[in-house]
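> Dropping a prediction and its sequence here:
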Amino acid sequence: MFNNIGVSGLIIILAIALIVFGPAKLPLLGRAFGDTLREFRNSTKGIADDRADEEPARIEARIEEINGR
């Protein structure tokens, strides 16, 4: 979706944000956005790590089930 935004598109978005929010609030908004993005990445990393831990146990249980038949 955002793969085709070039430098000119980013400049336009930044200019609109500067006009709408003003120069005083722009750093605060950037910091809040960065914190939110960091928290999202950390939470999704935890989910992926949990899933990776589950996978080998599930495979071993399935192998034992097949061998037991």
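Thanks, I have the structure now.
> before we move on, what SS does Ser8 have?
helix (DSSP: H, G, I helix; E, B strand; the rest coil).
> My error: substitute Ile5 in the last question.
coil.
> can you map out the helices along the protein?
Here the chain has its helices, by DSSP state H, at 7-68.
> distance of Ile44 from Thr36?
Heads up, residue 44 is Thr, not Ile. From Thr44 across to Thr36, the span is 13 Å (C-beta to C-beta, to the nearest Å). No exception for glycine: its C-beta is placed from N, CA and C like everyone else's.
> what's the answer for Phe21, then?
Taking C-beta to C-beta, one finds Phe21 at 16 Å from Thr36.
> what comes up buried for stretch 60-69?
The neighbour-count check on stretch 60-69 (16 or more other C-beta atoms under 10 Å) flags nothing as buried.
> Render the CA-only coordinates of it in CSV, please.
Once non-C-alpha atoms are left out, stretch 60-69 reads as follows in CSV (Å, rounded to 0.1, in the frame of the first residue of the first chain):
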residue,chain,number,x,y,z
GLU,A,60,6.4,-34.3,18.4
ALA,A,61,2.9,-35.1,19.7
ARG,A,62,1.7,-35.8,16.1
ILE,A,63,4.7,-38.1,15.5
GLU,A,64,3.9,-40.0,18.7
GLU,A,65,0.3,-40.3,17.7
ILE,A,66,1.2,-41.7,14.3
ASN,A,67,3.7,-44.1,15.7
GLY,A,68,1.3,-45.3,18.4
ARG,A,69,-1.3,-46.4,15.8
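> Let me see the mean pLDDT of it.
Averaging pLDDT along stretch 60-69 gives 78.
> Kindly report the same for stretch 10-22.
pLDDT averaged over stretch 10-22 gives 90.
> center of this protein, which residue is that?
Closest to where the C-alpha atoms of the chain average out (C-alpha atoms, centre = their mean) is Arg41, at 4.2 Å.
> Much appreciated, bye for now.
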